[in-house]
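S.K.: Any chance you could fold what I've pasted below:
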Amino acid sequence: MKKNEICYIVIVAVIGVSLLLGFAEEVFGLGLGQFAWVAHWGSSPVALALGFAFALLLGKAFPTFNKTMSKKLLQYSVIGLGFGMNVNKALASGSEGMLFTVVSVFGTLALGWFFGRKLLKVDSQTSYLLSSGTAICGGSAIAAVGPVIKAKAESMSVALGVVFVLNGIALFLFPSIGDALGMTMKQFGMWAAIAIHDTSSVVGAGAAYDQMHPELVASQGVSALEVATTIKLMRALWIVVLALVTPFFFRSSLAKAGGESKPWYSCVPRFIIWFIVAIIFNTYILSNASLIGEGAASAGGEFSSAINKLAKHLITLSLFFIGASLTRETLRSVGIRPLIQGVLLWISISCISLAYIFWVG
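M.R.: Predicted coordinates for the structure are as follows:
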């Protein structure tokens, strides 16, 4: 076994043990005494930083396993977060940003076209993929739209690379900016959901902000993680709309390529559906005393709380796997012009959405 593989296993084991102890402390009241720090050092930024450092210093280790875990573990964790949410609150959180969601999605596509095609002369596929990823949900949108426009592997790789790099930066930068600006849990959650690309980084940033301000979570009665996750996943449903309108923008190239485009319904990530199912099940079954009785509803509430807390710990672990995916090859494959487009678009959307949030708030 190679040294980097041994190091990888050790880091995963150490983070895993720390998170497991933290979960046992929260759910079962495990007393750790003077060793309580062991259960609390493994925060979201630390896990991501360890992943980045490992990938850049030691390279890839167990690439297939790491890729699977970075994707699947996060998705299962997001589903678990659904057990800690209520349908009525979720609809309220999602509907508040609906108008701005519509404007921001199509505004981002228009800005991406200007920056990419007119200003920087990036090829049409890469430019559109970058714009789609920034407008909705990063890698998921790129993965969904790519087959629709028959995107080349090179275009997909470059777009995903740019989004991945900016996601990592956002995960570190956004909580600090939110803290400096004195943002509320609701404001930060909404901003992160709109301005950060991938669900993984949105969730990570929300969790990090909660960890920075536990007193605000208690006093405001809502967490940045809850708001950010809900709005981001509601925005992710726009993948369906994007998949439907995209072929109209690429009529000529699709006609030349021939073949049928990917059905719109296959573009909706399954974990989003299960996340919604989890919220509905928690609201109308597990917490419904009139349906299952007071005792069962109380037990159901404890079960939901435990699943929700486990999901938050698993999110932290998934961030290590995400960080460990960022290799030197990924950075080199990005290229300068697509990177400039991605940065310009990201900064524009971040500033516009931030101004909007403070203006309406």
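
S.K.: mind showing which ranges of the stretch 151-300 of the chain have poor pLDDT?
M.R.: 153-154, 157, 240, 251-269, 272 (pLDDT under 70).

S.K.: how does it look with 80?
M.R.: 151-158, 160-161, 164-165, 168, 198-200, 233-273, 275 (pLDDT under 80).

S.K.: would you list every one of the helices in it?
M.R.: Applying DSSP state H, counting those that start in this stretch to the stretch 151-300 of the chain gives helices spanning 153-181, 185-195, 199-212, 214-220, 224-236, 238-249, 251-257, 270-281, 289-292, 294-323.

S.K.: what helices or strands is the longest one leaning on?
M.R.: Using 3 or more C-beta pairs under 8 Å, 6 or more residues apart in numbering; DSSP states H and E, the elements in contact with helix 294-323 are helix 3-28, helix 44-58, helix 63-81, helix 199-212, helix 289-292. Heads up, the C-betas are built off the backbone N, CA and C, glycines and all.

S.K.: I'd like to check the angle between that helix and helix 270-281, please.
M.R.: Going by axes from the mean of the first three to the mean of the last three C-alpha atoms, to 10 degrees, helix 294-323 is angled at 160 degrees with respect to helix 270-281.

S.K.: Check which residues of helix 294-323 are buried.
M.R.: The neighbour-count check on helix 294-323 (16 or more other C-beta atoms under 10 Å) flags 297, 300, 304, 306-323 as buried.

S.K.: quick revisit: turn the helices of the stretch 151-300 of the chain into CSV, including distance to Phe65.
M.R.: Output for those, formatted as CSV (distance: least, C-beta to C-beta, whole Å):
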stretch, distance to Phe65
helix 153-181, 18
helix 185-195, 29
helix 199-212, 17
helix 214-220, 33
helix 224-236, 26
helix 238-249, 27
helix 251-257, 35
helix 270-281, 19
helix 289-292, 40
helix 294-323, 9
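
S.K.: closest to Ile349 out of those?
M.R.: Taking C-beta to C-beta, helix 185-195 is the member of these nearest to Ile349, at 5.5 Å.

S.K.: which residues touch the residue nearest to Leu166 when sequence neighbours are not counted?
M.R.: Take Leu166 and drop its neighbours on the chain: the residue closest to it by C-beta to C-beta, 6 or more residues apart in numbering is Trp346, 5.4 Å away. Listed by C-beta atoms under 8 Å, 6 or more residues apart in numbering, the contact set of Trp346 reads 134, 166, 170, 195, 197.

S.K.: Would you list the buried entries among the residues you listed?
M.R.: 134, 166, 170, 195, 197.

S.K.: Widest-spaced pair of these?
M.R.: Among those, Thr134 and Ala170 lie farthest apart (C-beta to C-beta), at 11.2 Å.

S.K.: Need the residues touching each of these two.
M.R.: What both Thr134 and Ala170 touch, as defined by C-beta under 8 Å, 6+ apart, is the set 197, 346.

S.K.: Same list, the contacts of Trp346, but as TSV with distance to Ser124 please.
M.R.: Shown next, in TSV, are the contacts of Trp346 (distance: C-beta to C-beta, whole Å):
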residue	distance to Ser124
Thr134	16
Leu166	21
Ala170	26
Ala195	25
His197	20
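
S.K.: Which one of the residues you listed is nearest to Val360?
M.R.: The closest of these, once distances to Val360 are taken by C-beta to C-beta, is Ala195, at 15.1 Å.

S.K.: How far away from the center of its chain is stretch 83-90?
M.R.: From the chain centre to the centre of stretch 83-90 is a distance of 18 Å (C-alpha atoms, centre = their mean, to the nearest Å).

S.K.: What lies in contact with it?
M.R.: Applying C-beta under 8 Å, 6+ apart, the set of residues contacting stretch 83-90 is 222, 226, 230, 234, 278-284, 286-287, 303-305, 307-309, 311.

S.K.: I'd say Ile276 and Gly82 touch.
M.R.: Yes. Using C-beta atoms under 8 Å, Ile276 is in contact with Gly82, at 7.1 Å.

S.K.: More neighbours: these two, which one.
M.R.: Each of Ile276 and Gly82 has its neighbours counted (other C-beta atoms under 10 Å); Gly82 has more, 26 against 18.

S.K.: for the more buried one, what are its contacts?
M.R.: Counting by C-beta under 8 Å, 6+ apart, Gly82 has contacts 274-279, 281-282.

S.K.: tally of neighbours for the nearest residue to Cys7 once chain neighbours are set aside?
M.R.: Leaving aside its chain neighbours, Cys7 sits nearest to Leu58 (6.1 Å; criterion: C-beta to C-beta, 6+ apart). For Leu58, the count of nearby residues is 17 (other C-beta under 10 Å).

S.K.: out of the contacts of Trp346, who's nearest Gln125?
M.R.: Among these, and counting by C-beta to C-beta, the member closest to Gln125 is Thr134, at 15.1 Å.

S.K.: Now name the helix or strand holding that closest one.
M.R.: Following DSSP states H and E, one finds Thr134 within helix 124-135.

S.K.: That helix vs helix 238-249, what angle?
M.R.: Using the same axes, to 10 degrees: helix 124-135 against helix 238-249 is 150 degrees.

S.K.: helices or strands up against helix 124-135?
M.R.: helix 98-113, helix 139-148, helix 153-181, helix 238-249, helix 336-360.

S.K.: Just want the angle from that helix to helix 153-181.
M.R.: 30 degrees.
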